[in-house]
Each structure stands twice: as C-alpha cells, then as structure tokens.
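>>> Make a model of this:
(one chain, ligands or ions: 1)
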Amino acid sequence: MLRVVALRVGALLLVMALPAALGGWFGGALGAALGALAALLAVLVRDSVQLARLLRWLRWPSRERLPAVHGVWSEVLYRSARQLRLWEGRLQREEDKLARFIEALQASPNGVMMIDASGQIDWCNATAASHFGLDPQRDLRQHAVHLIRNPEFFAYMAARRFAEPLLMRRVGPAGTLLLNIQVMPYGDGQKLLLSRDVTQVERTEAMRRDFVANVSHEIKTPLTVIAGFIESLRTLQLSDAERERMLVLMQEQSDRMRRLVEDLLTLAHLEGDPHQPAEETVRMPALVERLAEEARALSQGRHVIEVEADRGDLRGASAELTSAFSNLVSNAVRYTPEGGRVRIAWRVARDDDDGLQWAEFSVRDSGIGIAPEHIPRLTERFYRVDRGRSRESGGTGLGLAIVKHALLRHQAELRVVSQFGQGSTFSARFPAARIVDAD
Ligand code: ADP
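Below you'll find the predicted structure:
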C-alpha cells in the first residue's frame, strides 16, 4: 500500500513540478505557486472524471462495456473486472449445479414437493404436479392443503405424525390414483413431500389375493366331495354298486384337481418364463388332423367336426402352441350342444407372388355363443360366463388364460367373434416371420 501512495504522490509532485517551474520562471514565487495549483487542479478534475466513470460502471458492471479510464484507475478497473469474471464463473457453476439437481428431481418417477414453514409450496416437480393435479408454475406459493383438497391429507398434515406414510386416493382425469405420501420435515420448519403412485402395485396385489382365493376355492370343492365320500365308505354299509358309483365320482373329482394343477403349472410356466419360446417347426396340417381326432374323441359322435388346412407350417414352441390350440378345440366341443358343428381351420395368406403374408388358426363352432359384455374378460384367470356349465364339462377356468399367454409369446393375439345363441369363432393370426413354407 505504501508503495502505491509513494508512487501516486511522486507522480503528482512530478506533474506539479513542471508548471511550478514555468510559473517561477515567469512570475517568481507567486507564479510557481499558481503553476503548481493549476497542475493540482487539472489532476483533480481528471481523477474525478475517471472516478465518476468507474463508479457509474460499478453500479452495473459489464465486461462488454468497459469505461475509458487511465493510469491508476485502469488498474482499479482491471482488478474489478477480474473479480467480476471470477464471481460470474462461480455463479454460473452454482447455477449449473442447481439446474442439474432440478433436472434429477424432475427425472424422478416420484413426486417431490418442497413446502415452506408457512405451508406454502416452494417448488414441485412435474410428477408431483400430475399426482396432485397442480400447475407447477401457477400454483407455487399457494398453501399445499388448500390446493390438495383432501380431508385425509389435511388431517395428516395437521397431525404432524410423519413417521407413517399416508395412503391417499385421488380422482384424476385418468381415473382414481392411489398415492403413497411421505413427508420429511427439514431445516427451519420446511417439509419435503414425496409421493409415489402405487395404483398398479395395489391392483397387482388385489389380483394376487383374488387368485389365491380362487385357487383355494377350486381345490376346496373337489376335496370336500372326496372327503365326504371317504367318510361314507368308512362308516356306511354300502352295496358293491354304491361303492363303485362313489369311487367313480371320487375319480372324477381327483381328475378335476389334477387338471387344475396341470393348468396352473402351465400358466405359471408361460407367465414366468421370460425366454423366447423354443424355435421348432410345428407341422400344422398334421396337428390340425390330430386336434380333430381329439375333438371327435371328446364329442363322442355328438358333433360334426370339420377340418380345413392350407400348406405351410408354424415356427414356435410345439408344446405351447399345441396346448393353446387344443384348449380352443375342446372349448368349442364343450360349449356346443349336441348336433352342432365345429370347424378347425389353418389358413395361410399369400400375396400374388406366392409370398407369405400371415397365417391363422381358427376354431368355429355353432354353440351357445357369448354375450358381448363377457368377451373382453374371457382370458382372465377363472373367468367363466356360466360357472356351472364350465365345471360340468370339466373346465378349470384357466384355458383361455393359457391360450392368451402362449399366443402372445408367439406374437399372435387371440380374437373372439361371437353371437349369443349362434356360435363363436376363436382365432389366432401369426405374422409372416412365424410361418415356414412347406415347400
Ligand atoms: P373353462 O375351463 O371354464 O372353459 P376357459 O378359460 O377355457 O375356461 O374359458 C372361459 C369361459 O369362456 C368359459 O367358462 C366359457 O364361459 C367361455 N367360453 C370359452 N370358449 C367358449 C365357446 N367356444 N363358446 C362359448 N363360450 C365359451
């Protein structure tokens, strides 16, 4: 600092020396004093102008528009500009960090909301906004409980017992959402609110509960019947004919349980196996003939079974496809009254140059048909239009669920066209990539 003062004073004295000498030359001591004073005044005015420019620039500093200053002021300007550059760099880095942080919060699949000490929303990400039906810009600085108009949420926030999460239902434009809400107090009375959409989790859990209840029920019924017969065989004096009749009925019930367990295992395998099905060539015309034989055996002459098969085979897992087609054929026989018709068809569509387009396996029957409201639910596990009829004919309620999964794994979809009282057609269309030309 001393060096700067010494330099400044030295320079000032030098600037004053020449006019003082000139004044002294012309006007003696008075002239020298006037010369020195005039020089001092000129330096002061020049300094004041430069200082004013610098002060004006410091009010709105900008590195693009620098003031015209010289000498020591240019040094001050240079140092201030350098400081400014440092601050700007630091600010930019902080802003980038904040932007990245906000981006990460926006990318979160969970809703994130910051609530200040007075209960107003400080910030929320797009997921929280969609969970609570808010506008992330317009609704900032509004009270959270006023915007999220829900009595359970209001009570939860008022009780301040945040150790347990809140499960809250909210009716939105896309239906009812089930939200899991957690609140974490932090800082000086602020709160961090996290929301998670658990609608699907809850739905899956409900399906799992239904499934377990259904399986238990399906197994319980034949078991109860068998247990009853065992009791009768042990305690009652029965004739040979009666004993034989009971054993036949017990056999039927145990067959029913076996079929159920087999279908459950097939379904578990289809649903749980993420691997692509094995790639074998399934000889379709031969399979269609075999399925027709099975249908005739099941029908025992009560129906007319027809077959139609184009040339061309299918690539996929033989066991899965056979099980799916066989389920469709046995349904057609079981749900078609005596005297009806069942037509099993394999059609391969080709373009004008004999190129493969698609192939379709279908089973058409002239049976009882299905009312339109049931059709979308047919592939649900244990869904039956007529429970009694299904059981009577040996159904497990899992056949079409198996068909659906087996076909999906082969890029085919089950299509159902039916008219109540007239009959149904179940078909599966396969893409060209799955067809093998017999030639
Ligand atoms: P199930 O073992 O009961 O036959 P599925 O899953 O195979 O179970 O079929 C579900 C339901 O769809 C059946 O219970 C029946 O009501 C209906 N259904 C299936 N196929 C036919 C068909 N060809 N004609 C009429 N109804 C059918």
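
>>> from here on, contacts and neighbour counts on C-alpha atoms
Noted.

>>> now the strands: where do they sit in the protein?
111-115, 121-124, 166-172, 175-186, 190-197, 280-282, 304-309, 313-316, 341-350, 356-365, 413-419, 423-431, 435-436 (DSSP state E).

>>> Can you say which of the ones you listed is packed in most?
Among the strands of the chain, the stretch with the highest mean neighbour count (mean count of other CA atoms under 10 Å) is strand 111-115, at a mean of 24.

>>> With distance to the ligand as extra columns, can I get the strands of the chain in TSV?
Converted to TSV, those look like this (distance: least, CA to the nearest ligand atom, whole Å):
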stretch	distance to the ligand
strand 111-115	40
strand 121-124	47
strand 166-172	33
strand 175-186	28
strand 190-197	32
strand 280-282	23
strand 304-309	14
strand 313-316	22
strand 341-350	9
strand 356-365	6
strand 413-419	8
strand 423-431	6
strand 435-436	26
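
>>> could you dump those strands to JSON lines with mean pLDDT?
Putting the strands of the chain into JSON lines (pLDDT from 0 to 100) gives the following:
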{"stretch": "strand 111-115", "mean pLDDT": "96"}
{"stretch": "strand 121-124", "mean pLDDT": "94"}
{"stretch": "strand 166-172", "mean pLDDT": "92"}
{"stretch": "strand 175-186", "mean pLDDT": "94"}
{"stretch": "strand 190-197", "mean pLDDT": "96"}
{"stretch": "strand 280-282", "mean pLDDT": "95"}
{"stretch": "strand 304-309", "mean pLDDT": "97"}
{"stretch": "strand 313-316", "mean pLDDT": "95"}
{"stretch": "strand 341-350", "mean pLDDT": "96"}
{"stretch": "strand 356-365", "mean pLDDT": "95"}
{"stretch": "strand 413-419", "mean pLDDT": "96"}
{"stretch": "strand 423-431", "mean pLDDT": "97"}
{"stretch": "strand 435-436", "mean pLDDT": "93"}
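
>>> would you turn those strands into TSV with distance to R65?
Below are the strands of the chain laid out as TSV (distance: least, CA to CA, whole Å):
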stretch	distance to R65
strand 111-115	40
strand 121-124	37
strand 166-172	54
strand 175-186	44
strand 190-197	43
strand 280-282	77
strand 304-309	86
strand 313-316	74
strand 341-350	76
strand 356-365	71
strand 413-419	70
strand 423-431	69
strand 435-436	74
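
>>> what about the ones you listed, which gets the closest to G133?
Within those, the stretch nearest G133 is strand 166-172; the backing value is 7.2 Å (CA to CA).

>>> what packs against that closest one?
With contacts defined as 3 or more CA pairs under 8 Å, 6 or more residues apart in numbering; DSSP states H and E, the secondary structure elements packing on strand 166-172 are helix 151-159, strand 175-186.

>>> And the last one, how far out from the chain middle?
Between the mean C-alpha point of strand 175-186 and the mean C-alpha point of its chain there is a distance of 17 Å (CA atoms, centre = their mean, to the nearest Å).

>>> Ok, stretch 420-429 next?
For stretch 420-429, the gap between its own C-alpha mean and the chain's C-alpha mean amounts to 34 Å (CA atoms, centre = their mean).

>>> now swap in stretch 188-197 and tell me
Chain-centre distance of stretch 188-197: 22 Å, with CA atoms, centre = their mean.
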